[in-house]
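Visitor: Pasted the sequence and its predicted model underneath.
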Amino acid sequence: MTDTYLRIQGLTKRFGASVAVRDVDLDVRQGELVVLLGPSGCGKTTTLRMIAGFVEASEGRILLEGQDYAGLPPYRREMGMVFQSYALFPHMTVAQNVTFGLRMRKLPRPEIEARLAETLDMVKLSTMAERYPRQLSGGQQQRVALARALAIRPKVLLLDEPLSNLDANLRQQVAREIRALQRAAGLTALMVTHDQDEAMMMADRLVVMSDGLVQQVGTQEELYERPANTFVARFIGHSNLIRGMLEGGERLVIPGATIGLAGHYDSSGDCTLAIRPERARICAPDDPAARITAKVEDATYVGAHVEVLLVLPDSTRVILHDPTDGGAARRFAPGDLAGIAWDLASERLFDDAG
Ligand code: ATP
(Lines give C-alpha, C1' and ligand atoms only; values in the text may rest on other atoms or scores of the structure.)
Protein backbone atom coordinates (compact mmCIF):
# COMPACT_ATOMS: atom_id res chain seq x y z
CA MET A 1 0.00 0.00 0.00
CA THR A 2 1.59 3.25 -1.05
CA ASP A 3 -0.51 5.80 0.82
CA THR A 4 -0.15 4.42 4.32
CA TYR A 5 -0.85 7.00 7.00
CA LEU A 6 -0.69 4.93 10.17
CA ARG A 7 1.57 1.90 10.08
CA ILE A 8 1.71 -0.73 12.78
CA GLN A 9 4.53 -3.23 12.60
CA GLY A 10 5.08 -6.29 14.73
CA LEU A 11 3.13 -4.85 17.65
CA THR A 12 3.29 -7.22 20.60
CA LYS A 13 2.22 -6.97 24.24
CA ARG A 14 3.19 -9.39 26.95
CA PHE A 15 1.75 -9.31 30.44
CA GLY A 16 4.19 -11.48 32.39
CA ALA A 17 4.23 -14.86 30.69
CA SER A 18 1.02 -14.33 28.71
CA VAL A 19 0.93 -12.69 25.31
CA ALA A 20 -2.13 -10.42 24.85
CA VAL A 21 -1.17 -9.14 21.38
CA ARG A 22 1.12 -10.99 18.98
CA ASP A 23 3.00 -9.44 16.13
CA VAL A 24 0.22 -7.24 14.73
CA ASP A 25 0.89 -5.59 11.36
CA LEU A 26 -1.59 -3.09 9.97
CA ASP A 27 -1.50 -0.25 7.45
CA VAL A 28 -4.22 2.38 7.62
CA ARG A 29 -4.84 4.96 4.92
CA GLN A 30 -5.75 8.57 5.63
CA GLY A 31 -9.50 9.00 6.02
CA GLU A 32 -10.10 5.30 6.53
CA LEU A 33 -12.14 3.78 9.35
CA VAL A 34 -10.68 0.45 10.38
CA VAL A 35 -12.46 -1.72 12.93
CA LEU A 36 -10.68 -4.19 15.19
CA LEU A 37 -13.17 -6.98 15.71
CA GLY A 38 -12.96 -10.08 17.85
CA PRO A 39 -14.30 -11.90 20.88
CA SER A 40 -13.64 -10.75 24.41
CA GLY A 41 -10.01 -11.13 25.40
CA CYS A 42 -8.62 -11.31 21.86
CA GLY A 43 -6.36 -8.30 22.44
CA LYS A 44 -8.16 -5.58 20.49
CA THR A 45 -8.39 -3.08 23.36
CA THR A 46 -4.75 -3.63 24.28
CA THR A 47 -3.82 -2.96 20.64
CA LEU A 48 -5.80 0.30 20.66
CA ARG A 49 -4.27 1.33 23.98
CA MET A 50 -0.76 0.73 22.67
CA ILE A 51 -1.54 2.97 19.71
CA ALA A 52 -2.94 5.63 22.04
CA GLY A 53 0.13 5.36 24.25
CA PHE A 54 -1.69 4.25 27.40
CA VAL A 55 -0.04 0.85 27.30
CA GLU A 56 3.61 0.41 26.43
CA ALA A 57 4.29 -2.06 23.63
CA SER A 58 6.62 -4.97 24.43
CA GLU A 59 7.74 -5.01 20.80
CA GLY A 60 6.90 -3.41 17.51
CA ARG A 61 6.53 0.01 15.98
CA ILE A 62 3.78 2.57 15.51
CA LEU A 63 4.48 5.03 12.71
CA LEU A 64 2.26 7.97 11.88
CA GLU A 65 3.18 9.74 8.65
CA GLY A 66 6.48 7.93 8.94
CA GLN A 67 7.23 9.24 12.44
CA ASP A 68 8.00 6.62 15.08
CA TYR A 69 5.69 7.06 18.05
CA ALA A 70 7.66 4.87 20.44
CA GLY A 71 8.13 6.59 23.77
CA LEU A 72 5.76 9.47 22.99
CA PRO A 73 3.31 10.09 25.85
CA PRO A 74 -0.40 9.94 24.95
CA TYR A 75 -0.94 13.72 24.89
CA ARG A 76 1.83 14.17 22.32
CA ARG A 77 0.45 11.54 19.95
CA GLU A 78 -2.30 13.78 18.55
CA MET A 79 -4.81 10.99 18.83
CA GLY A 80 -8.31 11.52 20.14
CA MET A 81 -9.73 8.69 22.20
CA VAL A 82 -13.35 7.90 22.95
CA PHE A 83 -13.69 5.45 25.82
CA GLN A 84 -16.36 2.83 26.28
CA SER A 85 -17.43 4.47 29.55
CA TYR A 86 -17.14 7.97 27.94
CA ALA A 87 -14.90 8.98 30.91
CA LEU A 88 -16.45 12.44 31.14
CA PHE A 89 -15.55 14.63 34.11
CA PRO A 90 -18.79 14.72 36.12
CA HIS A 91 -18.05 18.05 37.82
CA MET A 92 -17.38 19.83 34.51
CA THR A 93 -19.94 21.18 32.06
CA VAL A 94 -20.13 19.95 28.49
CA ALA A 95 -18.10 22.98 27.38
CA GLN A 96 -15.44 22.33 30.03
CA ASN A 97 -15.27 18.66 29.13
CA VAL A 98 -14.93 19.37 25.43
CA THR A 99 -12.27 22.03 25.89
CA PHE A 100 -10.29 20.08 28.49
CA GLY A 101 -7.59 18.91 26.08
CA LEU A 102 -7.32 22.37 24.55
CA ARG A 103 -6.88 24.04 27.92
CA MET A 104 -4.21 21.45 28.86
CA ARG A 105 -2.45 22.31 25.61
CA LYS A 106 -2.74 26.00 26.55
CA LEU A 107 -4.35 27.08 23.31
CA PRO A 108 -5.33 30.78 23.12
CA ARG A 109 -8.80 31.53 24.46
CA PRO A 110 -10.36 32.60 21.11
CA GLU A 111 -9.09 29.40 19.49
CA ILE A 112 -10.60 27.34 22.31
CA GLU A 113 -13.96 29.12 21.89
CA ALA A 114 -13.90 28.61 18.14
CA ARG A 115 -13.13 24.91 18.42
CA LEU A 116 -15.78 24.45 21.10
CA ALA A 117 -18.43 25.97 18.86
CA GLU A 118 -17.22 23.96 15.89
CA THR A 119 -17.16 20.57 17.61
CA LEU A 120 -20.46 21.06 19.48
CA ASP A 121 -21.99 21.91 16.15
CA MET A 122 -20.51 18.77 14.60
CA VAL A 123 -22.10 16.56 17.26
CA LYS A 124 -25.30 18.66 17.41
CA LEU A 125 -24.96 19.67 21.04
CA SER A 126 -24.61 23.44 20.66
CA THR A 127 -27.51 24.11 23.02
CA MET A 128 -26.14 21.86 25.76
CA ALA A 129 -22.80 23.55 26.46
CA GLU A 130 -23.63 24.52 30.03
CA ARG A 131 -25.14 21.22 31.10
CA TYR A 132 -23.40 18.67 33.28
CA PRO A 133 -22.99 15.06 32.10
CA ARG A 134 -25.62 13.80 34.57
CA GLN A 135 -28.16 16.07 32.85
CA LEU A 136 -27.60 14.33 29.51
CA SER A 137 -28.85 11.06 28.01
CA GLY A 138 -26.40 8.26 27.30
CA GLY A 139 -26.36 9.13 23.61
CA GLN A 140 -25.65 12.78 24.37
CA GLN A 141 -22.84 11.88 26.78
CA GLN A 142 -21.35 9.74 24.07
CA ARG A 143 -21.42 12.73 21.70
CA VAL A 144 -19.68 14.90 24.31
CA ALA A 145 -16.95 12.27 24.54
CA LEU A 146 -16.70 12.33 20.76
CA ALA A 147 -16.59 16.15 20.70
CA ARG A 148 -13.82 16.14 23.30
CA ALA A 149 -11.78 13.77 21.14
CA LEU A 150 -12.46 15.81 17.98
CA ALA A 151 -11.67 19.18 19.57
CA ILE A 152 -7.95 18.50 19.62
CA ARG A 153 -8.18 17.90 15.84
CA PRO A 154 -6.63 14.48 16.16
CA LYS A 155 -4.61 12.87 13.44
CA VAL A 156 -6.25 9.61 14.38
CA LEU A 157 -9.54 9.05 16.20
CA LEU A 158 -9.54 5.99 18.46
CA LEU A 159 -12.90 4.55 19.47
CA ASP A 160 -13.09 1.86 22.14
CA GLU A 161 -16.49 0.11 21.96
CA PRO A 162 -18.17 3.52 21.51
CA LEU A 163 -21.70 2.12 21.22
CA SER A 164 -21.73 -0.58 23.87
CA ASN A 165 -23.29 1.59 26.59
CA LEU A 166 -26.18 2.72 24.39
CA ASP A 167 -29.64 1.21 24.16
CA ALA A 168 -29.95 -1.29 21.34
CA ASN A 169 -32.33 0.98 19.40
CA LEU A 170 -29.95 3.95 19.60
CA ARG A 171 -26.90 2.05 18.45
CA GLN A 172 -27.58 2.01 14.74
CA GLN A 173 -28.43 5.68 14.72
CA VAL A 174 -25.27 6.67 16.61
CA ALA A 175 -23.20 4.32 14.47
CA ARG A 176 -24.45 6.15 11.37
CA GLU A 177 -23.80 9.53 12.98
CA ILE A 178 -20.23 8.65 13.88
CA ARG A 179 -19.62 7.25 10.43
CA ALA A 180 -21.07 10.32 8.69
CA LEU A 181 -19.03 12.64 10.86
CA GLN A 182 -15.83 10.67 10.32
CA ARG A 183 -16.39 10.66 6.56
CA ALA A 184 -17.29 14.34 6.36
CA ALA A 185 -14.20 15.33 8.36
CA GLY A 186 -11.99 12.88 6.44
CA LEU A 187 -10.78 11.51 9.77
CA THR A 188 -8.59 8.47 10.06
CA ALA A 189 -10.14 6.26 12.71
CA LEU A 190 -9.59 2.97 14.48
CA MET A 191 -12.47 1.44 16.35
CA VAL A 192 -12.67 -1.57 18.63
CA THR A 193 -15.79 -3.69 18.94
CA HIS A 194 -16.87 -7.27 19.58
CA ASP A 195 -20.15 -6.65 17.74
CA GLN A 196 -20.09 -8.00 14.22
CA ASP A 197 -23.07 -5.99 12.96
CA GLU A 198 -21.60 -2.76 14.29
CA ALA A 199 -18.27 -3.55 12.67
CA MET A 200 -19.83 -4.48 9.33
CA MET A 201 -21.91 -1.33 9.31
CA MET A 202 -19.15 1.15 10.07
CA ALA A 203 -15.87 -0.14 8.71
CA ASP A 204 -14.00 0.56 5.51
CA ARG A 205 -11.92 -2.46 6.46
CA LEU A 206 -11.96 -4.88 9.35
CA VAL A 207 -9.24 -6.58 11.32
CA VAL A 208 -10.47 -9.85 12.78
CA MET A 209 -8.51 -10.87 15.87
CA SER A 210 -8.47 -13.97 18.01
CA ASP A 211 -6.02 -15.03 20.73
CA GLY A 212 -3.95 -11.89 20.26
CA LEU A 213 -3.41 -12.68 16.58
CA VAL A 214 -4.73 -10.98 13.47
CA GLN A 215 -6.71 -13.65 11.64
CA GLN A 216 -7.59 -11.58 8.58
CA VAL A 217 -7.70 -7.99 7.35
CA GLY A 218 -10.18 -7.05 4.65
CA THR A 219 -13.38 -5.42 3.55
CA GLN A 220 -16.73 -6.83 4.62
CA GLU A 221 -17.07 -8.57 1.28
CA GLU A 222 -13.60 -10.07 1.39
CA LEU A 223 -14.15 -11.47 4.88
CA TYR A 224 -17.54 -12.90 3.98
CA GLU A 225 -16.67 -14.25 0.55
CA ARG A 226 -13.11 -15.34 1.20
CA PRO A 227 -12.59 -16.02 4.89
CA ALA A 228 -8.96 -16.94 5.56
CA ASN A 229 -9.73 -19.71 8.04
CA THR A 230 -12.50 -21.40 9.99
CA PHE A 231 -12.35 -18.79 12.75
CA VAL A 232 -13.22 -15.98 10.33
CA ALA A 233 -15.80 -18.14 8.51
CA ARG A 234 -17.52 -18.79 11.83
CA PHE A 235 -17.17 -15.27 13.21
CA ILE A 236 -18.36 -13.30 10.18
CA GLY A 237 -21.90 -14.31 9.31
CA HIS A 238 -23.02 -17.91 9.63
CA SER A 239 -21.08 -20.73 8.07
CA ASN A 240 -21.96 -24.39 8.03
CA LEU A 241 -18.70 -26.05 9.01
CA ILE A 242 -18.27 -29.71 8.14
CA ARG A 243 -15.16 -31.49 9.33
CA GLY A 244 -13.77 -34.48 7.55
CA MET A 245 -10.84 -36.12 5.85
CA LEU A 246 -9.90 -34.99 2.36
CA GLU A 247 -9.39 -37.86 -0.07
CA GLY A 248 -8.00 -37.57 -3.57
CA GLY A 249 -8.29 -33.79 -3.36
CA GLU A 250 -11.99 -33.85 -4.19
CA ARG A 251 -13.88 -35.94 -1.63
CA LEU A 252 -14.46 -35.12 1.99
CA VAL A 253 -15.05 -38.24 4.03
CA ILE A 254 -17.14 -37.74 7.13
CA PRO A 255 -18.38 -40.53 9.41
CA GLY A 256 -21.15 -42.31 7.48
CA ALA A 257 -20.84 -40.40 4.19
CA THR A 258 -18.62 -38.95 1.50
CA ILE A 259 -19.12 -35.44 0.16
CA GLY A 260 -18.28 -34.84 -3.48
CA LEU A 261 -16.56 -31.46 -3.49
CA ALA A 262 -16.97 -28.92 -6.27
CA GLY A 263 -13.28 -28.03 -6.35
CA HIS A 264 -10.02 -29.92 -6.43
CA TYR A 265 -7.58 -29.28 -3.57
CA ASP A 266 -3.89 -29.97 -3.08
CA SER A 267 -4.11 -30.54 0.65
CA SER A 268 -4.91 -33.80 2.38
CA GLY A 269 -5.90 -35.01 5.82
CA ASP A 270 -8.17 -33.18 8.26
CA CYS A 271 -10.07 -30.37 6.55
CA THR A 272 -13.10 -28.19 7.21
CA LEU A 273 -15.65 -27.41 4.55
CA ALA A 274 -17.48 -24.09 4.94
CA ILE A 275 -20.76 -23.39 3.16
CA ARG A 276 -22.85 -20.25 3.66
CA PRO A 277 -26.58 -20.96 4.26
CA GLU A 278 -27.67 -18.96 1.22
CA ARG A 279 -25.08 -20.48 -1.09
CA ALA A 280 -26.35 -24.05 -1.13
CA ARG A 281 -29.72 -25.42 -2.14
CA ILE A 282 -31.87 -28.34 -1.14
CA CYS A 283 -32.74 -30.85 -3.87
CA ALA A 284 -34.00 -34.40 -4.30
CA PRO A 285 -31.62 -36.95 -2.74
CA ASP A 286 -31.11 -38.62 -6.13
CA ASP A 287 -30.53 -35.34 -7.97
CA PRO A 288 -27.16 -35.62 -9.77
CA ALA A 289 -26.24 -32.20 -8.36
CA ALA A 290 -26.57 -33.45 -4.76
CA ARG A 291 -23.13 -33.53 -3.10
CA ILE A 292 -24.43 -35.17 0.03
CA THR A 293 -27.74 -36.38 1.43
CA ALA A 294 -29.09 -35.32 4.79
CA LYS A 295 -32.21 -35.66 6.86
CA VAL A 296 -34.56 -32.68 6.97
CA GLU A 297 -35.21 -31.77 10.58
CA ASP A 298 -37.22 -28.61 10.21
CA ALA A 299 -38.16 -25.90 7.72
CA THR A 300 -39.33 -22.50 8.93
CA TYR A 301 -40.66 -19.66 6.85
CA VAL A 302 -38.94 -16.52 8.20
CA GLY A 303 -40.06 -13.99 5.58
CA ALA A 304 -36.90 -13.40 3.56
CA HIS A 305 -36.33 -17.12 3.06
CA VAL A 306 -37.22 -20.57 4.34
CA GLU A 307 -34.72 -21.65 6.95
CA VAL A 308 -34.09 -25.36 6.54
CA LEU A 309 -32.34 -27.38 9.21
CA LEU A 310 -30.72 -30.61 8.01
CA VAL A 311 -28.69 -33.24 9.82
CA LEU A 312 -25.77 -34.99 8.14
CA PRO A 313 -25.00 -38.68 8.78
CA ASP A 314 -22.27 -37.64 11.26
CA SER A 315 -24.87 -35.53 13.17
CA THR A 316 -23.47 -32.19 11.95
CA ARG A 317 -26.32 -29.71 11.61
CA VAL A 318 -26.54 -27.65 8.44
CA ILE A 319 -28.69 -24.56 7.96
CA LEU A 320 -29.81 -23.57 4.48
CA HIS A 321 -31.67 -20.47 3.37
CA ASP A 322 -34.01 -21.62 0.65
CA PRO A 323 -35.74 -18.97 -1.49
CA THR A 324 -39.39 -18.46 -0.51
CA ASP A 325 -40.11 -18.03 -4.20
CA GLY A 326 -39.41 -21.16 -6.24
CA GLY A 327 -37.35 -22.91 -3.56
CA ALA A 328 -37.59 -26.65 -3.09
CA ALA A 329 -37.84 -26.74 0.71
CA ARG A 330 -41.64 -26.86 0.70
CA ARG A 331 -41.52 -30.24 -0.98
CA PHE A 332 -39.84 -31.81 2.05
CA ALA A 333 -41.29 -32.77 5.41
CA PRO A 334 -39.37 -33.34 8.64
CA GLY A 335 -37.75 -36.77 8.50
CA ASP A 336 -37.40 -36.77 4.70
CA LEU A 337 -34.08 -37.37 3.05
CA ALA A 338 -32.85 -34.48 0.89
CA GLY A 339 -29.83 -33.65 -1.21
CA ILE A 340 -27.66 -30.57 -0.72
CA ALA A 341 -26.11 -28.95 -3.79
CA TRP A 342 -23.69 -26.08 -4.28
CA ASP A 343 -21.22 -24.87 -6.86
CA LEU A 344 -17.51 -24.16 -6.82
CA ALA A 345 -17.89 -20.44 -6.08
CA SER A 346 -19.82 -21.26 -2.91
CA GLU A 347 -17.38 -23.77 -1.52
CA ARG A 348 -14.53 -23.03 0.89
CA LEU A 349 -12.19 -25.69 2.14
CA PHE A 350 -9.74 -25.03 4.97
CA ASP A 351 -6.96 -27.37 5.89
CA ASP A 352 -7.28 -26.45 9.55
CA ALA A 353 -9.32 -28.89 11.61
CA GLY A 354 -11.75 -26.13 12.59
P1 ATP B 1 -12.65 -7.09 25.77
O2 ATP B 1 -13.58 -6.94 24.60
O3 ATP B 1 -13.19 -8.04 26.80
O4 ATP B 1 -12.14 -5.81 26.32
P5 ATP B 1 -10.23 -7.39 24.27
O6 ATP B 1 -10.25 -8.15 23.01
O7 ATP B 1 -10.24 -5.93 24.15
O8 ATP B 1 -11.38 -7.89 25.21
P9 ATP B 1 -7.89 -7.07 25.85
O10 ATP B 1 -8.60 -6.24 26.86
O11 ATP B 1 -6.98 -6.39 24.93
O12 ATP B 1 -8.95 -7.90 25.02
O13 ATP B 1 -7.13 -8.24 26.62
C14 ATP B 1 -6.34 -9.20 25.96
C15 ATP B 1 -5.74 -10.14 26.97
O16 ATP B 1 -4.79 -9.47 27.77
C17 ATP B 1 -6.75 -10.74 27.92
O18 ATP B 1 -6.42 -12.09 28.15
C19 ATP B 1 -6.56 -9.92 29.18
O20 ATP B 1 -6.90 -10.67 30.30
C21 ATP B 1 -5.10 -9.58 29.14
N22 ATP B 1 -4.81 -8.29 29.78
C23 ATP B 1 -5.27 -7.09 29.42
N24 ATP B 1 -4.79 -6.12 30.23
C25 ATP B 1 -4.00 -6.73 31.13
C26 ATP B 1 -3.19 -6.29 32.22
N27 ATP B 1 -3.10 -4.99 32.54
N28 ATP B 1 -2.52 -7.23 32.92
C29 ATP B 1 -2.57 -8.53 32.59
N30 ATP B 1 -3.30 -9.02 31.57
C31 ATP B 1 -4.00 -8.14 30.84
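Guide: Everything's here; your move.

Visitor: Now do the helix or strand where residue 206 lies: distance to the chain's middle.
Guide: For residue 206, the host element (DSSP states H and E) is strand 205-210. Distance of strand 205-210 from its chain centroid, counting by CA atoms, centre = their mean, to the nearest Å, is 6 Å.

Visitor: same question, stretch 196-206
Guide: On CA atoms, centre = their mean, the centre of stretch 196-206 falls 5 Å from that of its chain.

Visitor: which residues are in contact with that stretch?
Guide: 32-37, 163, 171-172, 175-176, 178-179, 191, 193, 217-220, 223, 235-237 (CB atoms under 8 Å, 6 or more residues apart in numbering). Just so you know, the C-beta spots here come from the backbone N, C-alpha and C atoms, and that holds for glycine as well.

Visitor: Also stretch 304-311?
Guide: By CB under 8 Å, 6+ apart, stretch 304-311 touches 277-278, 282, 294-300, 317-324, 327, 329-330, 332, 338, 340.

Visitor: Strands of the stretch 101-250 of the chain, residue ranges please.
Guide: In the stretch 101-250 of the chain, strands defined by DSSP state E, counting those that start in this stretch lie at 156-160, 188-193, 205-210, 213-218, 240-247, listed in chain order.

Visitor: I'd say residue 30 and residue 5 touch.
Guide: Yes: under the criterion of CB atoms under 8 Å, residue 30 makes contact with residue 5 at 4.1 Å.

Visitor: More neighbours: which of the two?
Guide: residue 5 (18 against 14; other CB atoms under 10 Å).

Visitor: before we move on, what SS does the more buried one have?
Guide: strand (DSSP: H, G, I helix; E, B strand; the rest coil).

Visitor: What are the neighbouring residues in contact with it?
Guide: 28, 29, 30, 32, 64, 65, 188.

Visitor: ditto for residue 138
Guide: So residue 138 contacts 165, 166, 167, 170 (CB under 8 Å, 6+ apart).

Visitor: how about the first one, phi and psi?
Guide: The phi and psi values for residue 165, taken as degrees, to the nearest 10, are phi -90, psi 10.

Visitor: next one: the second one
Guide: Its backbone dihedrals place residue 166 at phi -100, psi 150, with angles given as degrees, to the nearest 10.

Visitor: And it, how far from the ligand?
Guide: Using CB to the nearest ligand atom, to the nearest Å, we find residue 166 at a distance of 16 Å from the ligand.

Visitor: what pLDDT does that residue get?
Guide: Note on residue 166: pLDDT of 83.

Visitor: my guess is it contacts residue 140, does it?
Guide: No: applying CB under 8 Å as the test, residue 166 and residue 140 come out as separate, 10.6 Å apart.

Visitor: Check the burial of the closest residue to residue 164 other than its chain neighbours by counting its neighbours.
Guide: Of all residues not flanking residue 164 in the chain, residue 84 sits nearest, at 5.7 Å (CB to CB, 6 or more residues apart in numbering). Close neighbours of residue 84, defined as other CB under 10 Å, add up to 17.

Visitor: Angles on the backbone of residue 84, please.
Guide: The phi/psi pair for residue 84 (degrees, to the nearest 10) is phi -50, psi -40.

Visitor: these two touch, right, it and residue 161?
Guide: Yes: counting by CB under 8 Å, residue 84 touches residue 161, with 4.2 Å between them.

Visitor: Counting neighbours, which bits of stretch 124-132 end up buried?
Guide: Residues 125, 128, 129, 132 are the ones in stretch 124-132 that count as buried (16 or more other CB atoms under 10 Å).

Visitor: list the contacts for the last one?
Guide: The neighbours of residue 132, taking CB under 8 Å, 6+ apart as the test, are 90, 91, 92, 93, 94.

Visitor: And these, which is closest to residue 256?
Guide: Closest approach between the contacts of residue 132 and residue 256, by CB to CB: residue 90, at 62.7 Å.

Visitor: Can you report how many residues lie near the residue found closest to the closest one once you drop the neighbours it is linked to in the chain?
Guide: Nearest residue to residue 90 in three dimensions, chain neighbours excluded: residue 133, at 5.5 Å (CB to CB, 6+ apart). If you count neighbours by other CB under 10 Å, residue 133 ends up with 18.

Visitor: I'd say residue 133 and residue 98 touch.
Guide: No: between residue 133 and residue 98 no contact is recorded; they are 11.3 Å apart, counting by CB under 8 Å.

Visitor: Tell me how far the residue nearest to residue 164 lies from residue 44.
Guide: As judged by CB to CB, to the nearest Å, residue 84 and residue 44 stand 12 Å apart.
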